[in-house]
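In: below is the sequence, then the predicted model.
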There are 2 protein chains.
Amino acid sequence: MADYQQIKKELEGIAVEDNPALVKQKSRDFYWYSPILKAQLDNVVGDLVVSPKSEEEVIRTLKVAYAHGVPVTPRGGGTGNYGQAMPLSGGIILNLMNMNKIKAIHPGRVICEPGVIVSELDKETKAHSGQELRFHPSTAQTATIAGFIAGGSGGVGSITWGGLRDLGNILRLRVVTMEAEPRVLELSAWDLQKVSHAYGTNGIITEVEMPLAPAYDWVDVIVGYDDFMDAVRFADALTHRNGILLKEVAPIAAPVPYEYFTRHKPWLKEGQSVVVLMVAPHSMEPFASYVEKMKGEIRFRSDTVESMKGIPHAYELAWNHTTLRALKLDPGFTYLQVQYPGPNHVEKVGRMVEIFGDEVIGHLEFIKFDGAIQCSGLPLVRYTTAERLEEIIRIHEENGCPIFNPHRYTLEEGGMKQTDTVQLAFKKETDPKGLLNPGKMIAWDNPDFDFKAGKNYLFPGLQAFMET
Amino acid sequence: MADYQQIKKELEGIAVEDNPALVKQKSRDFYWYSPILKAQLDNVVGDLVVSPKSEEEVIRTLKVAYAHGVPVTPRGGGTGNYGQAMPLSGGIILNLMNMNKIKAIHPGRVICEPGVIVSELDKETKAHSGQELRFHPSTAQTATIAGFIAGGSGGVGSITWGGLRDLGNILRLRVVTMEAEPRVLELSAWDLQKVSHAYGTNGIITEVEMPLAPAYDWVDVIVGYDDFMDAVRFADALTHRNGILLKEVAPIAAPVPYEYFTRHKPWLKEGQSVVVLMVAPHSMEPFASYVEKMKGEIRFRSDTVESMKGIPHAYELAWNHTTLRALKLDPGFTYLQVQYPGPNHVEKVGRMVEIFGDEVIGHLEFIKFDGAIQCSGLPLVRYTTAERLEEIIRIHEENGCPIFNPHRYTLEEGGMKQTDTVQLAFKKETDPKGLLNPGKMIAWDNPDFDFKAGKNYLFPGLQAFMET
């Protein structure tokens, strides 16, 4: 056990917290979405929360942690679902939410600290010059920008811009290394792959430069269809209309909308599937004409509703908020993350609907992928056993629908199921002792792990928490 | 012959011009790009130029013309290439360039009169609120907005937004009808198909509402490749990168760039093909990284050049300005307009290069078409005979590359080669005497014309000019 009294002394002047209840609170994210992660990670807890206010304080913290051999797990709003921000080996939780200054706003880009809340960033850039982030997670109200970069992939706006992995969707990151003498590195272009979506395993982000898009007073719209596949076909056709500017397009199957979108219920129809949308105000007239042509029913539009008070944003019905709303009212659900590679993505969705019926309830997100429109999915699954969940995953994959497994806490198992050599090489450079967010990069802990063997990785460090 | 003295009297208070030299000047467009149109239309001339300053003056003019049975051919900047604005039956040329007021600029849209010069519109909306048109023709410095709508299809920016035919890319048009008592109609959404790209044959546009996109200080870039197909493959790959914001992507084969882009010559390399681009400033760094990966040579970028004085905009090297620059120095050229339908558009381009070699010199424009990236082309053709030109067209079409023939002055032959029933029905409603821009809509003049017979339409009214 590290000497935390000594560590606290060495961190004098930097905000630290070791009250067990508060430390426990900061040791969690939305891992409990997954019954599997819940069982594995429920007891995970850090030792000390450190909340630096500047890059200089980050450097000091890392230097002290390195000297003591203490793990450091960075954390923003803690809105991830895979235990991204959970300290699997205990140690220091590096809470970056106090580094929340916006440094500069230019045409098409913003420079800020890592801990700015995403919706705050959008609010400021919109007020400054009618700009906003290209896309954001559905958790924009609580997530931080660097948390999104380190632990997210895409979101509301990805229908136009694709995801964080796409060159140009992050412009620059400053990163502090975990060494005896921490270095500050500036990364741009291809080098950004080293740390984006690396869960903070190979550097602490201290500054962010992101591209901006024009901000509009997006109109929230819900279009109803009696048949889910009609909703899907509408969404697919709509997203191929060049002239209609959209920010969000999510078909969601019955019974989810009527049963779980409680604040919108007065506008919804029992048994209907919906498409949740955000439409640019100046595209509303052509959009409405297109809905009519496609025989959809506009059940809700925020520009004609009497008051939006108490009604959540459309994007808070989509992405993982769909999952959240269903889970809150029915804990019997869990979910998956599915890709339906184009160009026959609609056909693939239809096949899954046929195979699983009501056991897997459709929720798609239309996105741009390598310049083409396709859809990914966050279907809700009526959970029975871990074995059945594995089977559902297998059937998807056998039908050409890869799963990004949200029931895994490692980068590789939740992602491409192979070693990311770029991220691993960078970790060797920036974190020689392996102290940054331990247990999340299998390739670091166990270079011989066989991703094809079908076995789940279990981080040995977790044993400590299992025994408590 | 109509009584033009009487007509002038009835138009008192409205600017008219009957000086033959000036009338002749306003009877022309860039029809001479085509040796075929040049032969057919060289003698076409109107009788009177009328230049209204308001919708009310348009209404008065049409009322007088209707009463006298005089044809009216509307005209903006006269930058079309197919004789769109040429009065095939003489009569009144309705010059709309004095109706050039911008009425209102809102987030995402602008409302203006028809005769505003496109680049002026962009300048004003950019100064007002950092906005600009979604796309514009390469003739933006001289073309009018309604001329573009009535006679154009897409242009610089179509890589992001598609074309004018796409729902949402025009928001609203006000149109005056050609009747005893002209009516004013407001068209939006699907109804816009009635008059957009109708050459003013079925109504005179008096007000325009267009969507706007964010304006950036676009960087002009020229990337060089020794092999044209390498340039094409680069352009295709680049346009599929979601995160890099582009406004223009035009691969142009050697020898055109070095031989005919005279002001850019100091930066170009003899024998190289190029891709002409406009890149958002905040995408330049990722863009440059991508060029490097694709082994291209950045030969010119406007953000690092010492002075742009005397150097044309990149978009003035593209679209029909490529054609213009080649024609100016070598009148032995003519050109075609080709579609290379995706997803195997690159392969189709390659096949044409193989077949025609140096006789047809590649010039592509990457655009968005129904939500997917593909390319259209404006290849330069070394003109020998009309028969060989027809053969070149035929070979393209046999290889799955449809031609929009720029050597035809009718809507149908230059376009879809079939009756546009929507536009025809609207003409019956708005122009019962057939006085608006006669000779441009075959379906009106000759409902039995067989588009499949392979014969060209010859407007009988042209006889009058042939005999002079």
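Out: Okay, I see it.
In: what residues does the stretch 251-400 of chain A have near chain B?
Out: Contact residues, the stretch 251-400 of chain A versus chain B (CB under 8 Å from any CB of the partner chain): A:280-283, A:285-290, A:293, A:343, A:368-373. C-beta here means a position set from N, CA and C on the backbone, and glycine is covered the same way.
In: ok, now with 7 Å
Out: For the stretch 251-400 of chain A, the residues in contact with chain B (CB under 7 Å from any CB of the partner chain) are A:280-283, A:285-286, A:289-290, A:368, A:370-373.
In: try the stretch 101-250 of chain A
Out: Within the stretch 101-250 of chain A, the positions near chain B by CB under 7 Å from any CB are A:107-109, A:129-130, A:161-162, A:166-169, A:171, A:188-190, A:211, A:214, A:216, A:239-244.
In: show the buried residues in those residues.
Out: A:108-109, A:129-130, A:161-162, A:166-169, A:171, A:189, A:211, A:214, A:216, A:239-244 (16 or more other CB atoms under 10 Å in any protein chain shown).
In: among the residues of the stretch 251-400 of chain A next to chain B, the buried ones, what's the ChimeraX command?
Out: In ChimeraX, this line selects whichever of those come out buried by 16+ other CB under 10 Å:
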select /A:280,281,282,283,285,286,289,290,368,371,372,373
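In: any idea how far the residue nearest to the spatial centre of chain A is from residue A:197?
Out: Centroid-nearest residue in chain A, with CA atoms, centre = their mean: residue A:152, separated by 3.5 Å. Note on residue A:152: its distance to residue A:197, by CB to CB, to the nearest Å, is 7 Å.
In: how about residue A:56?
Out: For residue A:56, the distance to residue A:197 equals 27 Å [CB to CB].
In: neighbour count: the two, which is higher?
Out: residue A:197 (21 against 13; other CB atoms under 10 Å in any protein chain shown).
In: where's residue A:192 relative to residue A:185, distance?
Out: According to CB to CB, residue A:192 stands 11 Å off from residue A:185.
In: do the same with residue A:3
Out: 30 Å.
In: the two: who's more crowded?
Out: A side-by-side neighbour count of residue A:3 and residue A:185, using other CB under 10 Å, places residue A:185 first with 17 against 11.
In: surely the more buried one is in contact with residue A:178?
Out: No: in this structure, residue A:185 is not within contact of residue A:178 by CB atoms under 7 Å, at 11.9 Å.
In: helix, strand or coil: sort out residue A:376 for me.
Out: Secondary structure state of residue A:376, per DSSP: H, G, I helix; E, B strand; the rest coil, is strand.
In: what's the pLDDT at it?
Out: Residue A:376 carries a pLDDT value of 96.
In: and the one 4 residues further on, by the same measure?
Out: Note on residue A:380: pLDDT of 97.
In: and it, what are its bridge partners?
Out: Beta bridges link residue A:380 to residue A:335, residue A:361, judged by DSSP bridges.
In: residue contacts, it?
Out: A:256, A:323, A:326, A:333, A:335, A:361, A:363 (CB atoms under 7 Å, 6 or more residues apart in numbering or on different chains).
In: change it to 8 Å
Out: A:256, A:322, A:323, A:326, A:333, A:334, A:335, A:360, A:361, A:363 (CB atoms under 8 Å, 6 or more residues apart in numbering or on different chains).
In: so the second one touches residue A:364, yeah?
Out: No: under the contact definition of CB atoms under 8 Å, residue A:322 does not touch residue A:364, with a separation of 10.1 Å.
In: which residues do these two both contact?
Out: Joint contacts of residue A:322 and residue A:364 (CB under 8 Å, 6+ apart) are A:250, A:252, A:378.
In: closest one of those to residue A:82?
Out: Nearest to residue A:82 among the shared contacts of residue A:322 and residue A:364 is residue A:378, at 13.2 Å by CB to CB.
In: surely that closest one and residue A:324 touch.
Out: No: with contact defined as CB under 8 Å, residue A:378 does not reach residue A:324; the gap is 10.5 Å.
In: so for the two, which residue has more residues nearby?
Out: Higher neighbour count among residue A:378 and residue A:324: residue A:378, with 22 against 18, using other CB under 10 Å.
In: so how far is residue B:85 from the closest residue to the more buried one other than its chain neighbours?
Out: In space, and not counting its chain neighbours, residue A:378 is closest to residue A:363: 4.9 Å by CB to CB, 6 or more residues apart in numbering or on different chains. Residue A:363 is 52 Å from residue B:85, where distance means CB to CB.
In: ok, those two, which is more surrounded?
Out: Neighbour count, other CB under 10 Å: between residue A:363 and residue B:85, residue B:85 has more, with 30 against 27.
In: gap between that one and chain A?
Out: 25 Å (CB to the nearest CB, to the nearest Å).
In: gap between that residue and residue B:460?
Out: Applying CB to CB to residue B:85 and residue B:460 gives a distance of 20 Å.
In: the strands in the stretch 251-400 of chain A, which residues?
Out: A:273-279, A:297-301, A:333-335, A:338-340, A:360-361, A:364-369, A:372-377, A:380-382 (DSSP state E, counting those that start in this stretch).
In: and among these, the most buried is which?
Out: Of all those, strand A:273-279 has the most neighbours on average by mean count of other CB atoms under 10 Å in any protein chain shown, namely a mean of 27.
In: only the C-alpha atoms, please, for that one, written as PDB.
Out: Provided in PDB are the C-alpha atoms of strand A:273-279 (Å, rounded to 0.1, in the frame of the first residue of the first chain):
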ATOM      1  CA  SER A 273     -42.000   3.200 -33.600                       C
ATOM      2  CA  VAL A 274     -40.300   6.600 -34.100                       C
ATOM      3  CA  VAL A 275     -37.500   8.400 -35.700                       C
ATOM      4  CA  VAL A 276     -35.900  11.000 -33.300                       C
ATOM      5  CA  LEU A 277     -34.400  13.800 -35.300                       C
ATOM      6  CA  MET A 278     -32.700  17.200 -35.100                       C
ATOM      7  CA  VAL A 279     -33.400  19.300 -38.100                       C
END
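In: quick one: strands adjacent to that strand?
Out: Neighbouring strands of strand A:273-279 in its sheet, by DSSP bridges, are strand A:219-225 (antiparallel), strand A:246-252 (antiparallel).
In: so which of these is the most packed in?
Out: strand A:246-252 (a mean of 27).
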